[in-house]
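Enquirer: Got a predicted structure here, sequence first:
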Amino acid sequence: MTLGSISAQIADYANRADPYPLYAELRKTPVRREDDGTYLVSTYYEVRSLANDPRLSNDTSNRPAGYARIGQPAEESGLPPGFIFTDPPVHDRLRDTVNRPFGPPHSPRFLDGLRGELAKVVTELLDAFDGKDQVDIVEDFSYPLPVTAICKVLGVPREDEQRFHGWADALTSELDPHPGGDGGRGKAEQARQDLGAYLSDLIETKRRHPGPGMLSALAPETGPGGSMTPADLEATAVLLLVAGHETTVNLITNTTLTLLRHPDVLKRFQKDPDLVVPLIEEVLRYEPPVQFVTWTTALADIGIAGTTIPQGSPVWLMLAAANRDPRRFKDPDRFDPDRKDNQHLGFYTGIHYCFGAPLARIEAQLALPELFRRVKFSRLLEDPPPYRTNAVLRGPRHLPVAIEGLTP
Ligand code: HEM
């Protein structure tokens, strides 16, 4: 295979359904320079080492002019970047503050408290399958749940949830490395501004009339974890929506697709719903919803795997390629939920390890056992299914399946 610009081939929609042969080719050169000076890192130990290396920055304003500065809002928006696109100490201060109402040690029960409401949403979505002989797993099941979950985390009123879908779609298009001209970025910027205006009103309301959710906990000007400016809070809410929506949609959809392609595992899962825990971890390795991250930059010359990545170079960390590195995972192209020591990179590693991983796990662990307990699946109607254009947040746009019935 001649590689040419392999990043262009990965971005090419023709390769969306099965990018794994390209990743295998890429791993032959663990640290590969593209013609434009971007470095692609694709082997497990190298990705892991760089993700933990303080010389690699998530703040794309460190890039020389001419390279994409993902995650940097336009100046007019008045918003700072979300904390994913910042480095210490700003990153650590914001992440610690946002974590206070979200997880341990200060709020160990917050996410568990959402289980009941999320389970109700799962039940409602599945009830609507009744009488149908065909459903789209994306539209009818995976897509609605994560937006509801994030709205509940933030404390957004249920009647406004619908608007969040459109904003989430527009904002994620910015992460697509070749979204087709400026379409992605322009749409994302508009959504950021509209969502920002909505959130700014909501934060003000929460300041005056606190209710459930993180926005109320973080809205006071001074809190036990230090203060967050309203702009930081807005940027954080935007980040949680972007980072937690399509990723979780894709996890639930990719798991469904993978199970329907592996009837032996599916049979076991239907008999033993507790298999859901290792099953989801294996999907995060085998079909990760975030295939790679394109927003890191070398702050100094970094020597790795016999190559020097020069200061200022954009670095893409190819998580999906690393997850199938045979030096780390035995028989990596095999889907095996019994895999031991499955330290996949689906949620990343290091200081930017996915903030929402516990929530994503709760959603998937609630949704999938119910889906496969209640729905009698007949077959996939399209395999491979049509994918979304995005190569980074990769997942089916639709997953049409024939069904034969629904258990109450
Ligand atoms: C299956 C679903 C998910 C996957 C596969 C996933 C994956 C990832 C990955 C790979 C990163 C690291 C990106 C980087 O720093 O370069 C990340 C970070 C992050 N994720 Fe997730 N994510 C998921 C769900 C969620 C959810 C539900 C939320 C929100 C509640 C969320 C919020 C975040 C945030 C805020 C960060 C930035 C962390 C930091 O910079 O410290 N994610 N996620």
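Expert: Perfect, thanks for sending it.
Enquirer: dump the residue contacts of the residue of the chain found nearest the ligand.
Expert: For the chain and the ligand, the shortest gap (Cβ to the nearest ligand atom) falls at residue 356, measuring 2.0 Å. Every C-beta, even on glycine, is put in place using the N, C-alpha and C of the backbone. Counting by Cβ atoms under 8 Å, 6 or more residues apart in numbering, residue 356 makes contact with 240, 243-244, 247-248.
Enquirer: and the next element down the chain from the helix or strand where residue 237 lies?
Expert: Per DSSP states H and E, residue 237 falls inside helix 230-244. Once the chain leaves helix 230-244, the next helix or strand it forms, by DSSP H and E, is helix 246-261.
Enquirer: contacts for the following helix or strand past that next one?
Expert: Using DSSP H and E, the next helix or strand after helix 246-261 towards the C-terminus is helix 263-271. Under the criterion Cβ under 8 Å, 6+ apart, residues 259-260, 275-276, 279, 335, 337, 369, 372-373 lie in contact with helix 263-271.
Enquirer: Adding distance to residue 104 and pLDDT, write the residues you listed out as a markdown table.
Expert: Shown next, in a markdown table, are these (distance: Cβ to Cβ, whole Å; pLDDT from 0 to 100):
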| residue | distance to residue 104 | pLDDT |
| --- | --- | --- |
| 259 | 31 | 98 |
| 260 | 36 | 98 |
| 275 | 26 | 98 |
| 276 | 22 | 98 |
| 279 | 25 | 98 |
| 335 | 32 | 98 |
| 337 | 27 | 98 |
| 369 | 25 | 98 |
| 372 | 30 | 97 |
| 373 | 30 | 97 |
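Enquirer: among those residues, who's most crowded?
Expert: residue 279 (26 neighbours; other Cβ atoms under 10 Å).
Enquirer: How about it: what's its closest non-neighbour residue?
Expert: Closest residue to residue 279 apart from its sequence neighbours, by Cβ to Cβ, 6 or more residues apart in numbering: residue 337 at 4.5 Å.
Enquirer: For residue 31, list the residues it contacts.
Expert: 39-41, 46, 304-307, 309.
Enquirer: let's see it at 7 Å
Expert: 39, 41, 46, 304-305, 307, 309 (Cβ atoms under 7 Å, 6 or more residues apart in numbering).
Enquirer: need the residues of the stretch 1-150 of the chain near the ligand, please.
Expert: For the stretch 1-150 of the chain, the residues in contact with the ligand under the definition Cβ under 6 Å from any ligand atom are 58, 83-84, 95, 150.
Enquirer: Which of these fall within helices?
Expert: 95, 150 (DSSP state H).
Enquirer: Max pairwise distance over the residues of the stretch 1-150 of the chain next to the ligand: which two?
Expert: Greatest spatial distance in these: 58 and 150, 21.1 Å, computed using Cβ to Cβ.
Enquirer: the strands in the stretch 51-200 of the chain, which residues?
Expert: Under the criterion DSSP state E, counting those that start in this stretch, the stretch 51-200 of the chain contains strands at 56-57, 134-136.
Enquirer: show me the contacts for the nearest residue to residue 16 once chain neighbours are set aside.
Expert: Using Cβ to Cβ, 6+ apart and skipping the chain neighbours, the partner closest in space to residue 16 is residue 387 (4.1 Å). Counting by Cβ under 7 Å, 6+ apart, residue 387 makes contact with 16-17, 394-397.
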